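>>> I would like the atomic coordinates for the input below:
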Amino acid sequence: MTDSRLSKLSSTLRTSGVDALALNAGPSLTYLTGLHFHLSERPVVVIFTVEQAPVIVLPELEMLKVNGLPYEIKAFPYGENPVEWDGVFRKAILSLRLDGKRIGVEPSAMRLLEFRNIKAGAPEADFPDASVVVSSLRVRKDAEEIAAMRKAVKAAQDALEAMIPLIKIGMMEKELAAELVVQLLRHGSQSELPFAPIISSGPNSANPHATPSERSLRLGDLLVVDWGAAVDGYISDLTRTFAVGEVEAEYRKIHAIVLEANTAGRAAGKPGAPCAAVDKAAREVIERSGYGVFFTHRTGHGIGMEAHEELYMRGDNQQPLEPGMAYTVEPGIYLPGRNGVRIEDNMVVSETGAECLSDMPRELRVVG
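Okay, the predicted model is just below:
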């Protein structure tokens, strides 16, 4: 698989307008090489070109990871003295004859630490944004990737179902978040979760990206749970909203509206449809109901190795959906100072439509 991805990258680089692609530790590097490195004070960079084997600059202590790879890669290891690192980067880049050339990078991923080392090795090079070079490959998932995402969805759903009976009035959001993390690990998620779970109740649930707090659940709250699991390097990203005991009629109403919007957004996905069509389908339901001003974000985003990646379900995005593309549908209504609702599912485009990978009940379930 790695050979196939490297071959596709080489073909993409030929038409990209860049001479090379430099990646630091992260999902794109793992996607292309199968190598896993943590971001740390020791920089790791892989440089890809059209004609030559990839070059990797890495700490000596990581050399075992590149031994016995099923493809050719040329390693330039360095020791513990940072004073020597620029020289190693210079040697690696000179081996590829890249000084003065165009070395593409991912601006959202490349740290200043790695960039300075690369720049020291190629002081006359240009460093254009080459995000699309990798995203054009990663955006279409193959069968193995989709299978991993199915496992991640199942792990997440099983974990939340196991937590639901434990939800009680008076529990703090932080307590619930801690319990959910435990259940995610018990039900098969990798220890490195795709993101910290969002557990938000009452007024906090009106903040789409709330952080679990010491607020205790109260009768009449809506409770938003946004969570995900990671399996085999791929993630899930789901949201469900619950009622803590009996809630006001308006809160039941906005939940029903968001559920209708979610259903419409899921139905809008199919090959050839623009991303904007998914956003429009969900947004029109909420706007028609008079709550459009309270739907404050895009309808979804791409998922795969990361919780947020290409593509994006925005009203201005005319990028057409293609088989293998995976994304979320997550409309919401947020009433400031009161309560909020979000319902999120994970989708993958098939040859004829869009399949929903998640099937956890979406109706307003009472907890506590």
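
>>> going forward, measure contacts between C-alpha atoms and count neighbours the same way
Fine.

>>> Stretch 216-231: end-to-end distance?
Start and end residues of stretch 216-231 are separated by 31 Å (C-alpha to C-alpha, to the nearest Å).

>>> Rounded mean pLDDT for it, please.
Stretch 216-231 carries an average pLDDT of 98.

>>> Break down this structure into its helices, ranges please.
2-14, 27-33, 85-95, 112-121, 131-138, 143-163, 173-186, 249-268, 275-288 (DSSP state H).

>>> possible to save the ones you listed as JSON lines with mean pLDDT?
Formatted as JSON lines, the helices of the chain follow (pLDDT from 0 to 100):
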{"stretch": "helix 2-14", "mean pLDDT": "92"}
{"stretch": "helix 27-33", "mean pLDDT": "97"}
{"stretch": "helix 85-95", "mean pLDDT": "95"}
{"stretch": "helix 112-121", "mean pLDDT": "95"}
{"stretch": "helix 131-138", "mean pLDDT": "94"}
{"stretch": "helix 143-163", "mean pLDDT": "98"}
{"stretch": "helix 173-186", "mean pLDDT": "98"}
{"stretch": "helix 249-268", "mean pLDDT": "98"}
{"stretch": "helix 275-288", "mean pLDDT": "98"}
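
>>> Pick the most deeply packed of those helices.
Compared across the helices of the chain, helix 275-288 shows the largest average neighbour count, a mean of 22 (mean count of other C-alpha atoms under 10 Å).

>>> Check which helices and strands that helix sits against.
Packing contacts for helix 275-288, counted by 3 or more C-alpha pairs under 8 Å, 6 or more residues apart in numbering; DSSP states H and E, involve helix 249-268, strand 309-313.

>>> any idea how the chain splits into domains?
Domain assignment for the chain, taken from automatic domain parsing, gives 2-138, 143-367.

>>> Model confidence at residue 63, what's the number?
pLDDT at residue 63 comes out at 97.

>>> And residue 1, by the same measure?
75.

>>> residues near it, how many?
11 (other C-alpha atoms under 10 Å).

>>> Quick check: the gap between it and residue 306.
In this view, residue 1 and residue 306 are 19 Å apart by C-alpha to C-alpha.

>>> now do residue 89
Per C-alpha to C-alpha, residue 89 is found 28 Å from residue 306.

>>> what's stretch 149-161 in contact with?
Applying C-alpha atoms under 8 Å, 6 or more residues apart in numbering, the contact partners of stretch 149-161 are 180, 183-184, 186-189, 227-231, 234-238, 304, 357-358, 360.

>>> Narrow the residues you listed to those that are buried.
Using 16 or more other C-alpha atoms under 10 Å as the burial test, the contacts of stretch 149-161 include 180, 183-184, 187-189, 227-231, 234-238, 304, 357-358, 360 as buried.

>>> ok, back up a step: I'd like the helices and strands packed on helix 275-288 written out as CSV, with distance to residue 198 added.
Listed next are the helices and strands packed on helix 275-288 as CSV, based on distance: least, C-alpha to C-alpha, whole Å:
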stretch, distance to residue 198
helix 249-268, 18
strand 309-313, 19
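
>>> Mind checking those for the one nearest to residue 172?
Smallest distance to residue 172 across these (C-alpha to C-alpha): 21.2 Å, for helix 249-268.

>>> Among the buried ones among the contacts of stretch 149-161, name the ones in strands.
Under the assignment DSSP state E, the buried ones among the contacts of stretch 149-161 contribute 227, 230, 231, 234, 235, 238 to strands.

>>> Between those residues, which sits nearest residue 54?
Proximity of these to residue 54 was ranked by C-alpha to C-alpha; the top entry is residue 234 with 24.3 Å.

>>> can you pull the contacts of the closest one?
By C-alpha under 8 Å, 6+ apart, the residues touching residue 234 are 145, 148, 149, 152, 304, 305, 306.

>>> Leaving out sequence neighbours, find the closest residue to it.
Of all residues beyond its chain neighbours, the one nearest residue 234 is residue 305 (4.5 Å), with distances taken as C-alpha to C-alpha, 6 or more residues apart in numbering.

>>> Might one say that that neighbour is in contact with residue 235?
Yes: using C-alpha atoms under 8 Å, residue 305 makes contact with residue 235 at a distance of 6.0 Å.

>>> what is in contact with the two at once?
Shared contacts of residue 305 and residue 235, defined by C-alpha under 8 Å, 6+ apart, are not found at any residue.

>>> which residue packs closest to residue 37, ignoring adjacent ones?
Once flanking residues are discounted, residue 37 sits nearest to residue 25: 5.5 Å by C-alpha to C-alpha, 6+ apart.

>>> separation between the one you found and residue 110?
Distance of residue 25 to residue 110, given as C-alpha to C-alpha: 9 Å.

>>> For these two, indicate the residue with more neighbours.
Taking neighbours as other C-alpha under 10 Å, residue 25 and residue 110 compare with residue 25 leading, 21 against 16.

>>> Let me see the contact set for that one.
By C-alpha under 8 Å, 6+ apart, the contact set of residue 25 is 36, 37, 38, 39, 43, 44, 45.

>>> run the last query once more with 7 Å
By C-alpha atoms under 7 Å, 6 or more residues apart in numbering, residue 25 lies in contact with 37, 38, 39, 44, 45.

>>> picking that back up, with distance to residue 74 added, can I get the contacts of residue 234 in JSON lines?
Converted to JSON lines, the contacts of residue 234 look like this (distance: C-alpha to C-alpha, whole Å):
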{"residue": "145", "distance to residue 74": "28"}
{"residue": "148", "distance to residue 74": "30"}
{"residue": "149", "distance to residue 74": "32"}
{"residue": "152", "distance to residue 74": "34"}
{"residue": "304", "distance to residue 74": "28"}
{"residue": "305", "distance to residue 74": "26"}
{"residue": "306", "distance to residue 74": "28"}
